[in-house]
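Enquirer: Sequence plus the predicted model coming up.
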Amino acid sequence: MPELQALIDGVTEGAIIALAAMAVTLVFRISHFANVAFGDFMTVGAFAAYGVVSAGLSLLVGAVVGLVVTALIGVISYYLVFKPLGHRPVTMFITSIGVALVLRAIVQMIWGGDVETYSNSAISSFHFGSLVVTVSEAIVVGVCAVVATLFFVWLNKTGTGREIRAVASNETLALVKGVNVIRVTATVWAVAAALTAIAGVLLGYTTALSPEMGWNLLLPAFAAAILGGLGNTTGAVVGGLVIGMAMQFAVIWVPAGYKYGVSFAIMVIVLLFRPSGIMPRRVRV
Amino acid sequence: MSDYLIAISAVGLIFVLMGLGLNLQWGHAGLLNFGQVGFFAIGAYTYALLALHGIPLAVAVIAAAVTSSIAAAIIGRATIKMKEDYLAIVTLVLAEIIQLVATNSGWTGGPSGLPGVPAPFTNRAGRPSQTALLLLLVVIVIAAIFFLHRLTSSSFGLTLQAIRDDELSAEASGSNVAAFRIKSLVAGAALAGVAGAFYAMYVLFVVPDQFDAIVTFYAWVGIIIGGSSHYGAAIGTFIFVALEESTRFLSDIGLNVSDAQIARLRLLVIGLALILLLRFRPQGLFAYRRRLPKEVREVISPVPEPSPPARVVGEAGAP
């Protein structure tokens, strides 16, 4: 049953893409540009965790360290690089490529350009007939579900979340109402960066780490964010799952080398025919 | 030493052609093209495939311009009405797709590419003369600048700038905004295609790895250094690429650095250049020093920032 196996693998990959797409779409809501650096934020998170793991600590500790480091980089890049540019989304967009390249260069300088893994121990798996679900796949989907749930509770039920939604829908009005827009924006950058770090660690956990890992997943994450409607966080989750499954289903029929091409094709088709994304309109964000 | 200078200059001029095309698209028409390397790759593969099949080299170069133009026309027609960051993402994706196809297809030679690409000006031993190629490149770059200068001082160019600075007013005064944008995208892609053809004939082989997304940003840094004038873009791209290329020879002058270290250094330099230039010198290093009144200078933003963030799709766009 290659289709059912593709479904399982697709949900796993889609869950990781969904986390990255949530980060892209959340920052798009607040800062109005698609941040190209998020791909390399994933790489930084994954490699920071790798640094901890190779020092002999557990992957869980590594993941926490990776998350904190990446969130810090997110906040620093906001204050140091993006905030001074003011409200100029196109300039910010081009600048984010610069940030991406600098981060990739730093990762390569510290850890070299090789492919690494967190551990080389065999991964156990559940077998249901011919279906294989590895423990790591189950963990990835579980972690993503918990993270996404926490994220939506935070965005929709807390005071900070309400301030973020206020800034997203009308920044001037939020400012007038006494919302500290700069602090809210910095928080959004920190949370988005933390999401990418989790995605990066999970990606490294299921596959392997390389300096290009985040960049390779960036365009699928963009595809997911666009599919869900840029700025729509629920849409980003749906988009991520659809893109992940589409890529896994596609490799049943097309050569594996074209896997990412499938996500690109979906993105272009969505942009041409329904640029607002597939989600029903007026969804609460 | 003179070999180094010739090599650096030739690669520099090839990138100048690509940068001039990008500068027409971004500096004059406000189009965010993040996939210029895709058109460059189409040109390189077109030239290599035709030249390897015995087509006259001059015809192969023209064909390179034509195929990259056709690709740009298709992309242009499909995407030109999108918000500019979408155009950027689509062109970025196009470049990735071209690299994917080149890596996974048989007729492009797959990952190992096409070796033994024929080049002009070969001597009796079959070795191409790099000096002759360099001179030809100088002529072509000068011709390109002359052509672009004529183009942008014509009514076409003025309309382009009007569209870049205020799309709505330009459209209201009767300009067919979409057609003008497609034309500039196509012209810029044709220059990138020619650049790709010369790149293939200069390095004598094509492989997918030569067409990484990063190559586009060589040209971006170059034109941002240059400001939006053609001469500025040409000088900026040439200086930047020449500096980057010269790092290739660091190991020859006794410095013990590996190719991988140089590659990292380049990433870092390009990244920092983008960040710092856009922050501190968005108008370029040699922008005109025309002293406009202070009030005017405050109003005119030298880097085109074409649209406000209000046209966000999704919640705001409900009809």
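Expert: That came in fine, so what should we check first?

Enquirer: Could you count how many residues lie near residue 47?
Expert: Looking at chain A here, since you left the chain open. By the measure other C-beta atoms under 10 Å in any protein chain shown, the count of residues near residue A:47 is 29. Quick note: C-beta positions are derived from backbone N, CA and C, even for glycine.

Enquirer: The chain in question should be chain B.
Expert: When neighbours are counted by other C-beta under 10 Å, residue B:47 comes out with 33.

Enquirer: so who does it touch?
Expert: Residue B:47 sits next to B:57, B:60, B:61, B:63, B:64, B:117, B:196, B:197, B:200, B:201 when contact means C-beta atoms under 8 Å, 6 or more residues apart in numbering or on different chains.

Enquirer: Of the residues you listed, just say which sits nearest to residue A:210.
Expert: Set against residue A:210, the nearest of these by C-beta to C-beta is residue B:196 (27.5 Å).

Enquirer: okay, the contacts of residue B:47 in a markdown table with distance to chain A, secondary structure and neighbour count next?
Expert: Listed next are the contacts of residue B:47 as a markdown table, based on distance: C-beta to the nearest C-beta, whole Å; DSSP: H, G, I helix; E, B strand; the rest coil; neighbours: other C-beta atoms under 10 Å in any protein chain shown:
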| residue | distance to chain A | secondary structure | neighbour count |
| --- | --- | --- | --- |
| B:57 | 31 | helix | 17 |
| B:60 | 27 | helix | 24 |
| B:61 | 29 | helix | 24 |
| B:63 | 25 | helix | 19 |
| B:64 | 23 | helix | 33 |
| B:117 | 23 | coil | 24 |
| B:196 | 21 | helix | 34 |
| B:197 | 25 | helix | 32 |
| B:200 | 23 | helix | 32 |
| B:201 | 28 | helix | 25 |
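
Enquirer: residue ranges with poor pLDDT in the chain?
Expert: You didn't pick a chain, so chain A it is. Along chain A, the model assigns pLDDT under 70 to residues A:1, A:120-124, A:281-285.

Enquirer: Not quite, go with chain B.
Expert: For chain B, applying pLDDT under 70 flags the ranges B:1, B:124-126, B:251-252, B:254, B:286-319.

Enquirer: and the residue in the stretch 51-200 of chain B positioned nearest to chain A, what does it touch?
Expert: Using C-beta to the nearest C-beta, the closest approach of the stretch 51-200 of chain B to chain A is made by residue B:104 at 3.8 Å. Going by C-beta under 8 Å, 6+ apart, residue B:104 touches A:255, A:257, A:258, B:110.

Enquirer: all helices for chain A, in order.
Expert: Ranges of helices within chain A are A:2-31, A:38-54, A:59-77, A:89-111, A:135-157, A:159-169, A:171-176, A:181-206, A:213-227, A:233-253, A:259-273, based on DSSP state H.

Enquirer: Nearest to residue B:274, out of those?
Expert: Closest approach to residue B:274 among the helices of chain A is made by helix A:89-111 (3.1 Å; C-beta to C-beta).

Enquirer: and the closest one, which residues are buried?
Expert: By neighbour count with 16 or more other C-beta atoms under 10 Å in any protein chain shown, helix A:89-111 contains the buried residues A:89-108, A:111.

Enquirer: distance between the ends of stretch A:205-218?
Expert: 17 Å (C-alpha to C-alpha, to the nearest Å).

Enquirer: What of stretch A:216-236?
Expert: One end of stretch A:216-236 to the other measures 18 Å (C-alpha to C-alpha).

Enquirer: That one close to chain B?
Expert: Yes: interface with chain B: stretch A:216-236 contributes A:219, A:222, A:226, A:229, A:230, A:231, A:232, A:235 (C-beta under 8 Å from any C-beta of the partner chain).

Enquirer: would you turn the residues you listed into JSON lines with distance to residue B:42?
Expert: Listed next are the residues of stretch A:216-236 next to chain B as JSON lines, based on distance: C-beta to C-beta, whole Å:
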{"residue": "A:219", "distance to residue B:42": "19"}
{"residue": "A:222", "distance to residue B:42": "23"}
{"residue": "A:226", "distance to residue B:42": "24"}
{"residue": "A:229", "distance to residue B:42": "32"}
{"residue": "A:230", "distance to residue B:42": "29"}
{"residue": "A:231", "distance to residue B:42": "33"}
{"residue": "A:232", "distance to residue B:42": "35"}
{"residue": "A:235", "distance to residue B:42": "33"}
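
Enquirer: export these to JSON lines and tack on neighbour count?
Expert: Shown next, in JSON lines, are the residues of stretch A:216-236 next to chain B (neighbours: other C-beta atoms under 10 Å in any protein chain shown):
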{"residue": "A:219", "neighbour count": "22"}
{"residue": "A:222", "neighbour count": "29"}
{"residue": "A:226", "neighbour count": "31"}
{"residue": "A:229", "neighbour count": "30"}
{"residue": "A:230", "neighbour count": "28"}
{"residue": "A:231", "neighbour count": "26"}
{"residue": "A:232", "neighbour count": "28"}
{"residue": "A:235", "neighbour count": "27"}
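
Enquirer: still on that earlier bit, out of the contacts of residue B:104, grab the one that's most surrounded.
Expert: With neighbours defined as other C-beta under 10 Å, the most crowded of the contacts of residue B:104 is residue A:258; it has 19 neighbours.

Enquirer: That one contacts residue A:246, doesn't it?
Expert: No: under the criterion of C-beta atoms under 8 Å, residue A:258 lies out of contact with residue A:246, with a separation of 11.8 Å.

Enquirer: how much space between residue B:78 and residue B:185?
Expert: From residue B:78 across to residue B:185, the span is 11 Å (C-beta to C-beta, to the nearest Å).

Enquirer: Among the two, which residue is more densely surrounded?
Expert: A count of neighbours by other C-beta under 10 Å puts residue B:185 above the other of residue B:78 and residue B:185, at 27 against 14.

Enquirer: residue contacts, the closest residue to the more buried one other than its chain neighbours?
Expert: Excluding the flanking residues, the one nearest residue B:185 by C-beta to C-beta, 6 or more residues apart in numbering or on different chains is residue B:76, at 4.4 Å. Neighbour list for residue B:76: B:181, B:182, B:185, B:186 [criterion: C-beta under 8 Å, 6+ apart].

Enquirer: Also residue A:125?
Expert: By C-beta under 8 Å, 6+ apart, the contact set of residue A:125 is A:132, A:133, A:134, A:135.

Enquirer: would you list those in CSV and tack on neighbour count and distance to residue B:176?
Expert: Shown next, in CSV, are those (neighbours: other C-beta atoms under 10 Å in any protein chain shown; distance: C-beta to C-beta, whole Å):
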residue, neighbour count, distance to residue B:176
A:132, 13, 57
A:133, 16, 56
A:134, 16, 56
A:135, 11, 59
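
Enquirer: Helix, strand, or coil at the residue nearest to residue B:185?
Expert: Put simply, residue B:76 is helix when judged by DSSP: H, G, I helix; E, B strand; the rest coil.

Enquirer: Quick check: it vs residue A:247, distance?
Expert: 28 Å.

Enquirer: again with residue B:117
Expert: Taken as C-beta to C-beta, the span from residue B:117 to residue A:247 is 34 Å.

Enquirer: Residue A:88 now?
Expert: Separation of residue A:88 from residue A:247 (C-beta to C-beta): 34 Å.

Enquirer: So these two - more neighbours on which side?
Expert: A count of neighbours by other C-beta under 10 Å puts residue A:247 above the other of residue A:88 and residue A:247, at 25 against 19.

Enquirer: Contact partners for the more buried one?
Expert: Going by C-beta under 8 Å, 6+ apart, residue A:247 touches A:10, A:13, A:220, A:259, A:260, A:262, A:263.

Enquirer: Take these and lay them out in TSV including distance to residue B:150 and neighbour count.
Expert: Shown next, in TSV, are those (distance: C-beta to C-beta, whole Å; neighbours: other C-beta atoms under 10 Å in any protein chain shown):
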residue	distance to residue B:150	neighbour count
A:10	54	23
A:13	51	26
A:220	43	29
A:259	46	17
A:260	41	20
A:262	44	20
A:263	42	26
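
Enquirer: distance of the residue nearest the centre of chain A from chain B?
Expert: With distances taken as C-alpha atoms, centre = their mean, residue A:20 lies nearest the centre of chain A, 0.9 Å away. Distance from residue A:20 to chain B, counting by C-beta to the nearest C-beta, to the nearest Å: 15 Å.
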